[in-house]
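Visitor: Quick one: sequence plus predicted model below, questions after.
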Amino acid sequence: MLIRLFRCGDAVRRILACRKGSTAVEFSLTAPILVLLAFGAYDYGSAYVEGVRLNGAARAGAQQALYNAQDWENTDQMEQTALEEYVGHVLTPEEVALMSVSATAEAFCACTAGATLAPARTSAPAAMLPGSSCA
């Protein structure tokens, strides 16, 4: 009887000492977490790149407005420039109509005191000239 207990204890010890399959169990427990982290990093990176592209497009539209002071009310040209900067190439009107993003430009004049002037002419108003101030 004593011999049988000793043999059963040996078998139990051998089963507990066996490490076969423990790697598979550990991997099955950690794999979902690693996949979620990978997709989260990809999603965050995509959102960051999209933000950079949109910021560059807005900057390009504003630079187009500043480029030609005589044509500062031409919002269509600003919007076209912003969209072309967003996609990285010249766009046809058909491509602009199919885009999932849009650009909306607004022409207005403002002075350092915070008052907004209505755009009434095609050239920059006197209040926008250096050294001038709002009334």
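Guide: That came through fine. Numbering: from 1, shown residues only.
Visitor: Where do the helices of the chain begin and end?
Guide: Listed in chain order, the helices of the chain (DSSP state H) span 2-17, 22-67, 75-87, 93-98.
Visitor: deepest of those helices, which one?
Guide: Highest mean neighbour count among the helices of the chain (mean count of other C-beta atoms under 10 Å): helix 75-87, with a mean of 19. To be clear about C-beta, it is placed using only N, CA and C from the backbone, and glycine gets the same treatment.
Visitor: Who are the packing partners of that one?
Guide: Here helix 75-87 touches helix 22-67, helix 93-98, going by 3 or more C-beta pairs under 8 Å, 6 or more residues apart in numbering; DSSP states H and E.
Visitor: Put the alpha carbons of the last one into CSV.
Guide: So the one you mean is helix 93-98. Extracted in CSV, the C-alpha atoms of helix 93-98 (Å, rounded to 0.1, in the frame of the first residue of the first chain):
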residue,chain,number,x,y,z
PRO,A,93,-14.0,69.3,-61.0
GLU,A,94,-15.3,65.7,-61.3
GLU,A,95,-12.8,64.5,-58.7
VAL,A,96,-13.7,67.3,-56.4
ALA,A,97,-17.3,66.3,-56.6
LEU,A,98,-16.5,62.7,-55.6
